[in-house]
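Engineer: I need the structure of the sequence given here:
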Amino acid sequence: MMGDWTFFSNYGHVLVCLARNHEARLRDVAADVGITERAVQKIVRDLQDGGYLTVTKQGRCNRYRINRRKSLRHDLESHCTVGKWLTLVTRDSPREEAGTAVDQPAPPATAADNPEQPAIPSKPPGQAANEPAPLQQTQAKDEKPAKQAAPADTRQQGSLF
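Structural biologist: Numbers count the residues shown, from 1 in each chain. Next up is the predicted model:
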C-alpha cells in the first residue's frame, strides 16, 4: 500500500497555487492543497515574513506577488531560485498537451540544450558507430536552396537547477 505523501510540502503547494492564480481566494487554495484555510493563512504569513510573497489589497480581494529571485530555503536546493522551481512545476508539459503518456522518455539532448557540451553528430540509422559520417553535397551557386521542413516543436525538460 502506498502512503499518502507527496514530494512537496504544503508551503510549496500553496506557492504553486498562488503562482497559477495571483488573485486566488485562500479558501480555494486550501481546497486545492487539502488543508484548512487557517493553515493556508499561516503559510501565507510565513511566506510574507520570509520575503517570498507580497500581499496587496485590490478592492475586496488580495493580490499575491511572488519574489521569484529568492533562493529556496533548504541547503540542498538553495542554489535554485523560487522562479526556476515555479517555472518547472507550473508549466504544462508538451506531452500532456498532445495527449500522450507522461512517462515517455525525453528526446535526446542537443547542443542547443546545453551549449557547454560539444555537439555530437548523429549517425543515420544502420550506420556503424565507427564509420565516418557521409559528407553532405554542396549546392551549385545557381540552384535555389531546397525548402527545409520546419523543425518539430520538441521541448526537453531542462535541469531544475
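Engineer: quick check, Ile35 in a helix?
Structural biologist: No: applying DSSP: H, G, I helix; E, B strand; the rest coil, one finds Ile35 to be coil, outside a helix.
Engineer: Once you drop chain neighbours, what's closest to it?
Structural biologist: Among residues not flanking Ile35 along the chain, Asn10 sits closest, at 5.6 Å (CB to CB, 6 or more residues apart in numbering). Heads up, the C-betas are built off the backbone N, CA and C, glycines and all.
Engineer: Spit out the contact partners of the one you found.
Structural biologist: Applying CB atoms under 8 Å, 6 or more residues apart in numbering, we find Asn10 in contact with Val33, Ile35, Ala39, Ile43.
Engineer: what's Val29 in contact with, if anything?
Structural biologist: Val29 neighbours (CB under 8 Å, 6+ apart): Val14, Cys17, Leu18, Val40.
Engineer: Looking at these, which is nearest Gln58?
Structural biologist: The closest of the contacts of Val29 to Gln58 turns out to be Leu18 (CB to CB; 14.4 Å).
Engineer: And the closest one, how close does it get to Leu76?
Structural biologist: Here the criterion is CB to CB, to the nearest Å. By it, Leu18 lies 23 Å from Leu76.
Engineer: Comparing the two, which residue is more hemmed in?
Structural biologist: Taking neighbours as other CB atoms under 10 Å, Leu18 and Leu76 compare with Leu18 leading, 26 against 8.
Engineer: Can you tell me the closest non-neighbouring residue to the more buried one?
Structural biologist: The nearest residue in space to Leu18 (CB to CB, 6+ apart) is Tyr64, at 4.5 Å.
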